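what follows is a predicted structure for the sequence shown.
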Amino acid sequence: MTEMSSAPTVLVGAGNMGGAMLAGWLDSDTDAGSYIIVDPSPSPTVQLLIDKHGLRHEKAAPSDVEAAIVVLAVKPQMMETALPALTGMIGDDTLCISIAAGTTVSTIQSFLGDIAVVRAMPNTPAMVGRGITGAWANAAVSPAQRDAADRMLSVTGPVEWVDEEPLIDAITAVSGSGPAYVFYLAECMAEAGRRAGLDEDIAMRLARATVSGAGELMRRSDDPAETLRKNVTSPGGTTAAALDVLMGGDAMQDLLTRAVAAAKKRAGELAG
Ligand SMILES: NC(=O)C1=CN([C@@H]2O[C@H](COP(=O)(O)OP(=O)(O)OC[C@H]3O[C@@H](n4cnc5c(N)ncnc54)[C@H](OP(=O)(O)O)[C@@H]3O)[C@@H](O)[C@H]2O)C=CC1
Ligand SMILES: O=C(O)[C@@H]1CCC=N1
């Protein structure tokens, strides 16, 4: 996949997200030898990939390679520890792809110099190949590097490129954190079902199947979400009664707007 160079792609941080991306790269790339995994304690899933593909694994950044691409997938709070250790792998043509929430290009460059950086924001459905990623490239990123980043990020789903770095914080708040909002919706639906008299397990099975089924319907349909919603809503029927509660006074829109604003604000705080 790193066609622009035979130099390696180094994944720094092979946890939930790094592991999901690694699995996608290995599925779509026959050259497993071009990957190096840097993580003091990779998850069991990642360890299986390391063993299966014979990947080079280091507990700390190696000093004997110049990376074509460094993918930063450590927690934002770990950046100030992780970044200084990477300088030995950075050359003039190295591309850094960071998926960390909040961490700015300015922070990355303060440790690694004026390098090419793509800030990307995937989400956990990447683990099942159903993710979506927002991405922004700084001015130092060449067209070939941007293409390479797009290929790497798109193994887990579509990539939406934006032109301004701050928009990555908005993407983080909508689709990066978004799966948690949907899972919480399922939790709330199940609890509401329990309070309506259903057995707890049945209520959760109903909520889970409804959320995943509605998601799959939306994925397969060309209709906008609004049309799909209206298809469920018989005039004067039960759905209309529920939507009166959710939409009355902009209740749910207001709640989500405030939730997304809080996540975006937190991304700014994580910038340091
Ligand atoms: N989870 C999500 O939904 C999303 C997360 N992100 C971003 O992805 C990044 C990773 O998140 P996530 O995968 O959830 O986190 P995880 O904690 O699952 O993964 C981070 C991994 O990095 C390892 N690590 C810690 N310090 C270092 C270091 N100095 N060098 C190399 N590896 C190190 C950790 O090891 P150890 O466990 O031993 O500390 C861990 O295995 C974060 O920046 C987050 O903002 C982006 C989109 C979605
Ligand atoms: O909660 C977080 O900070 C990370 C970033 C997006 C999803 N999880």
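Thanks, I have it. Ligands and ions are numbered 1, 2, ... in the order given.

so residue 84 lies in a helix, does it not?
Yes: counting by DSSP: H, G, I helix; E, B strand; the rest coil, residue 84 falls inside a helix.

how many neighbours does it have?
11 (other C-beta atoms under 10 Å). All C-beta atoms are positioned from the backbone trio N, CA, C, and that covers glycine.

ok, now which ones touch it?
Residues near residue 84 by C-beta atoms under 8 Å, 6 or more residues apart in numbering: residue 111.

cool, and residue 86?
Contacts of residue 86 (C-beta under 8 Å, 6+ apart): 12, 61, 70, 111, 112.

just to check, the last one is in contact with residue 87?
Yes: with contact defined as C-beta atoms under 8 Å, residue 112 reaches residue 87; the gap is 6.3 Å.

can you give me the strands for the chain?
Shown for the chain, the strands assigned by DSSP state E span residues 9-12, 35-38, 56-58, 69-72, 95-98, 116-121, 133-137, 159-161.

quick one on the thing from earlier: who's more crowded, residue 112 and residue 87?
When residue 112 and residue 87 are compared for neighbours, residue 112 comes out ahead with 19 against 12, by other C-beta under 10 Å.

distance of the residue minimising distance to the centre of the chain from ligand 2?
Nearest residue to the geometric centre of the chain (C-alpha atoms, centre = their mean): residue 122, 1.8 Å. Distance, residue 122 to ligand 2, by C-beta to the nearest ligand atom, to the nearest Å: 9 Å.

tell me the pLDDT of residue 3.
Predicted confidence (pLDDT) for residue 3: 43.

figure out the length between the terminal residues of stretch 134-142.
18 Å (C-alpha to C-alpha, to the nearest Å).

other residues contacting it?
So stretch 134-142 is contacted by 95, 105, 114-121, 145-146, 149-150, 153, 159-165, 167-168, 171-172, 175-176 (C-beta under 8 Å, 6+ apart).

show me what contacts the residue of the stretch 1-150 of the chain found nearest ligand 1?
Proximity of the stretch 1-150 of the chain to ligand 1 (C-beta to the nearest ligand atom) peaks at residue 15, 1.8 Å away. Going by C-beta under 8 Å, 6+ apart, residue 15 touches 39, 42, 43, 46, 73, 74.

drop anything exposed from those.
By neighbour count, with 16 or more other C-beta atoms under 10 Å, those hold 39, 42, 46, 73, 74 as buried.

neighbours of the closest residue to the fourth one other than its chain neighbours, how many?
I take that to be residue 73. Using C-beta to C-beta, 6 or more residues apart in numbering and skipping the chain neighbours, the partner closest in space to residue 73 is residue 18 (3.4 Å). Using other C-beta under 10 Å, residue 18 has 23 neighbouring residues.

dump the residue contacts of residue 18.
Counted by C-beta under 8 Å, 6+ apart, residue 18 has contacts 11, 12, 39, 46, 71, 73, 99.

go ahead and confirm the second one touches residue 38.
Translated: residue 12. Yes: the pair residue 12 / residue 38 is scored as a contact, 4.7 Å apart, by C-beta under 8 Å.

touching both of these two, which residues are there?
Common neighbours of residue 12 and residue 38 (C-beta under 8 Å, 6+ apart) are residue 61.

ligand 1 contacts on the stretch 101-250 of the chain?
Taking C-beta under 6 Å from any ligand atom as the contact definition, the stretch 101-250 of the chain meets ligand 1 at 101, 121, 122, 123, 124, 176.

which two among the buried ones among the contacts of residue 15 are spaced furthest apart?
Largest separation among the buried ones among the contacts of residue 15 by C-beta to C-beta: 46 and 74, giving 13.4 Å.

ranges for the helices of the chain?
Ranges of helices in the chain, per DSSP state H, are 16-28, 44-53, 79-82, 105-112, 143-153, 167-171, 178-195, 200-220, 225-232, 238-247, 251-270.
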